[in-house]
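Colleague: Prediction below, plus the sequence it came from.
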Amino acid sequence: MTDFRPLMRAFFSAGNTRNYAFRRQQLQSLHRLIFEHEEEIIRVLAADFGKPTAETYASEIAFLYQEINHTLKHLRNWMRPKKVSTPLVLQPSKSRIYFEPKGVVLVVGPWNYPFQLTLAPVVAAMAAGNCVVIKPSELTPQTSALIKHLINNYFSPEYLVVVEGEGAQIVPELIDKYHFDHIFFTGSTRVGAMIAEQAGRHLISTTLELGGKSPAIVERSATFEVAARRLLWGKFFNSGQTCVAPDYLLLDEEIADSFIEILKNNLLKFYDDPSQASRHLARIVGKERWKTLVGYLEQGKILYGGQYNEERLYIAPTLLQVTDLSQSVMQEEIFGPILPIITYQNCSEALEIIERNPYPLAFYLFTREKKKQNWYLEHVQFGGGAINNAMVHLSNPNLPFGGINQSGHGRYHGYEGFSAFSNHKSVLHSDTWFDPDFKYPPYSKTTLKWFRRLLG
Ligand code: NAD
């Protein structure tokens, strides 16, 4: 592995990345990089796991355009030192927070949205004025190679570098060698914990965007047809290989039969005959994942779908009725086109099921009842989510995105990304024309009197 560290450190320390004009220009280059290679991006994602063009455009390309444009629109403002008020006791002074780049940072990406989830944190890191080492996932090799090729062509190696390879070997090596100023990791909870441990040894700050089992609840007062369509779209987009996909469905017992029929009808409309691999549905990323997913199909009653094909790494969109919650399909993040359905009788029972897999990354609730909405919002701890919708909350750059405990630490998207990659440097600017004696030793009764009055 070529050692870019001295080059990058020198480039950063010389202050090249600090000014607004540089950051703006580099973000525009990234936008151009994507715009000039849309077709190649679509091609590699189709080659890596059969991702449909429409899904690639929406989730890998347009998402990045939006993130870059939003950043360009607000960057000057975000970079301005923020004035905050100053308590009386510190007068005459002014207080400001300066947003400084952290330095040379590491971004580690996952395979499931391998282009967007690798580069969206890079947008934030660039906006905040950092140099970035980028490690894409080895499970989507064509996308990884394209990212490396394009970054090499559009950016200088002292500013952005892509390192490819087996994560388990390369990432620990990189962390030990580079002593990064921040690590932004997107991936599994298992690897996230290892990264946190290693970063902790060096006291490197981290943002961890992890996974988990995100529940969706459909209550009897939901608008059925809309709820079914939004839920299915959120689940089967990218073939369920989405960190915020509804992992399982908690369905109000009273409406179970009729709602399941609506789900089936919509699945047929979306993807046609499940025994034929639809071109509107992505494939599973690899054999190992495919085998695990096929194993889940035996852990419940198949209500719809259930077909699979090993050669094409295909699994049909499947509805699986599950009653035994101790099965692995209800213990592990599914990350595939299988939707377990569990019926419940009341809110407390639904909550009890959710708490078996606490701190989900996302939570979705379909109900028109305000009281129910408030009850669940108060009782379920989750990273982000939607009421009467699924998955789309992440496309609002004004909503900080991230998890809680096992599903992650820290936030990004929009301002929060800029903030995650910035050191918030707090500075008190004091005037010198007023400097009363009483606070200095030797202390007297007057000192205490003034301290009581001023400090409370
Ligand atoms: P993963 O944890 O296996 O891999 C993620 C990255 O870590 C890859 O670049 C990989 O090379 C690297 N890696 C693998 N083993 C490593 C190790 N031992 N040490 C250091 N680095 C290592 O995750 P994945 O399979 O690519 O992605 C799927 C998971 O990611 C799911 O759990 C999903 O929920 C989660 N995810 C979360 C978000 C989010 O925004 N919160 C987004 C996408 C995916």
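Modeller: Nice, I can see it. Numbering: from 1, shown residues only.
Colleague: switch to C-alpha atoms for all contacts and neighbour counts from now on
Modeller: Will do.
Colleague: how near is the closest residue to Ala145 other than its chain neighbours to Tyr364?
Modeller: Once its chain neighbours are removed from consideration, Ala145 has its nearest residue in Glu164; the separation is 7.8 Å (CA to CA, 6 or more residues apart in numbering). When distance is defined by CA to CA, to the nearest Å, Glu164 is 36 Å away from Tyr364.
Colleague: more crowded one of the two?
Modeller: The neighbour count for Glu164 versus Tyr364, taken as other CA atoms under 10 Å, is higher for Tyr364 (24 against 19).
Colleague: Phi and psi next, for the residue nearest to Ala145.
Modeller: Note on Glu164: its backbone torsions stand at phi -100, psi 160 [degrees, to the nearest 10].
Colleague: OK, contacts around the residue of the stretch 201-350 of the chain found nearest the ligand?
Modeller: Of the residues in the stretch 201-350 of the chain, the one nearest the ligand is Gly211, at a distance of 3.1 Å by CA to the nearest ligand atom. For Gly211, the contacting residues are 187-189, 243-244, 333, 360-361, 406-408, taking CA atoms under 8 Å, 6 or more residues apart in numbering as the criterion.
Colleague: dump the residue contacts of Cys243.
Modeller: Neighbour list for Cys243: 210-212, 335, 361 [criterion: CA under 8 Å, 6+ apart].
Colleague: How is this structure divided into domains?
Modeller: Per the TED database, the domain ranges recorded for the chain read 4-210+408-428, 215-395.
Colleague: and the shortest one with the ligand, contact?
Modeller: Read that as domain 215-395. Yes. Shown here: domain 215-395 in contact with the ligand (CA under 6 Å from any ligand atom) through Cys243.
Colleague: let's have the chain start at 413 instead
Modeller: Understood, numbering begins at 413; the last thing we discussed is domain 627-807.
Colleague: roughly how far is that domain from the heart of the chain?
Modeller: The gap between where domain 627-807 is centred and where its chain is centred comes out at 19 Å by CA atoms, centre = their mean, to the nearest Å.
Colleague: on that earlier part again, generate CSV for the domains of the chain, with distance to Lys851 as supplementary columns.
Modeller: CSV is the format used below for the domains of the chain (distance: least, CA to CA, whole Å):
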stretch, distance to Lys851
domain 416-622+820-840, 11
domain 627-807, 46
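Colleague: one step back: thinking the residue nearest to Ala557 is in contact with Pro548, fair?
Modeller: Yes. With contacts counted by CA atoms under 8 Å, Glu576 reaches Pro548, the gap being 6.4 Å.
Colleague: who touches both of those two?
Modeller: In terms of CA under 8 Å, 6+ apart, Glu576 and Pro548 are both contacted by the residues Ser556.
Colleague: does Gln612 sit in a helix, a strand or a coil?
Modeller: Quick fix: residue 612 reads Gly, not Gln. For Gly612, the assignment made with DSSP: H, G, I helix; E, B strand; the rest coil gives helix.
Colleague: what about it, distance to Gly814?
Modeller: For Gly612 relative to Gly814 (CA to CA), the value is 20 Å.
Colleague: ditto for Arg768
Modeller: Using CA to CA, which is the criterion applied here, Arg768 is 20 Å from Gly814.
Colleague: Settle it for me: which of those two has more neighbours?
Modeller: In this comparison of Arg768 against Gly814, neighbours counted by other CA under 10 Å, the higher total goes to Gly814 at 24 against 13.
Colleague: Which stretches in the stretch 413-562 of the chain count as helices?
Modeller: Read by DSSP state H, counting those that start in this stretch, the stretch 413-562 of the chain holds these helices, from start to end of the chain: 417-425, 432-447, 450-461, 465-468, 475-491, 528-539, 553-566.
Colleague: typo on my end, it should be the stretch 763-868 of the chain
Modeller: Secondary structure of the stretch 763-868 of the chain, counting by DSSP H, counting those that start in this stretch: helices at 782-791, 827-832, 857-867.
Colleague: Leaving out sequence neighbours, find the closest residue to Ala532.
Modeller: With CA to CA, 6+ apart as the measure, Leu476 is the residue that lies nearest to Ala532, at 6.3 Å, once sequence neighbours are left out.
Colleague: Report the contact partners of that neighbour.
Modeller: For Leu476, the contact set (CA under 8 Å, 6+ apart) comprises 443, 528, 531-532.
Colleague: What subset of the contacts of Gly623 is buried?
Modeller: Listed as buried from these are 599-601, 655-656, 745, 772-773, 818-820; burial here means 16 or more other CA atoms under 10 Å.
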